[in-house]
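*Asks:* The following comprises the amino acid sequence and a computationally predicted model.
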Amino acid sequence: MKIYGNVNVQNAMKTYVKPVNKTEKATGIKVTKDKIEISDAAREVQVATKAIKNLPDIREDLVQELKAAIKDGTYKPSSEDIAKKILGK
């Protein structure tokens, strides 16, 4: 099948060869910069988040106290406290 000899195909192909007209530059438009406003509540959250990030993951002083109490045999948690922790209360 020969499609190049068809006049309709040739006319369709000419539409892709036509030059494209460039658009004119827009005038009278003011360009403004984007602006962000952070609420007071968001600022408080930022401060709290930074404070939490600066805290150590493990409180070494408490860990050392508990280790010493376990080693001495003076650490005696109540069964109620253990049950509450297990149940997540």
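*Replies:* Alright, I've got the coordinates. Residues are numbered from 1 along each chain as shown.
*Asks:* any idea which helix or strand comes after the helix or strand hosting residue 50?
*Replies:* Using DSSP states H and E, residue 50 falls within helix 40-54. Next helix or strand after helix 40-54 toward the C-terminus (DSSP H and E): helix 60-72.
*Asks:* before we move on, the earlier item: output the contacting helices and strands for the helix holding residue 50.
*Replies:* Judged by 3 or more Cβ pairs under 8 Å, 6 or more residues apart in numbering; DSSP states H and E, helix 40-54 is in contact with no other helix or strand. The way it works is simple: take the backbone N, C-alpha and C, and place the C-beta from them, glycine included.
*Asks:* Can I get that helix in CSV, CA atoms only?
*Replies:* Taking Å, rounded to 0.1, in the frame of the first residue of the first chain, the C-alpha atoms of helix 40-54 are listed here in CSV:
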residue,chain,number,x,y,z
ASP,A,40,1.7,31.5,66.6
ALA,A,41,0.5,27.9,67.3
ALA,A,42,2.7,26.6,64.5
ARG,A,43,5.7,28.5,66.1
GLU,A,44,5.0,26.9,69.4
VAL,A,45,4.9,23.5,67.8
GLN,A,46,8.3,24.2,66.1
VAL,A,47,9.8,25.2,69.5
ALA,A,48,8.5,22.1,71.2
THR,A,49,9.7,19.9,68.4
LYS,A,50,13.2,21.3,68.6
ALA,A,51,13.2,20.9,72.3
ILE,A,52,12.1,17.3,72.0
LYS,A,53,14.7,16.5,69.4
ASN,A,54,17.5,17.9,71.7
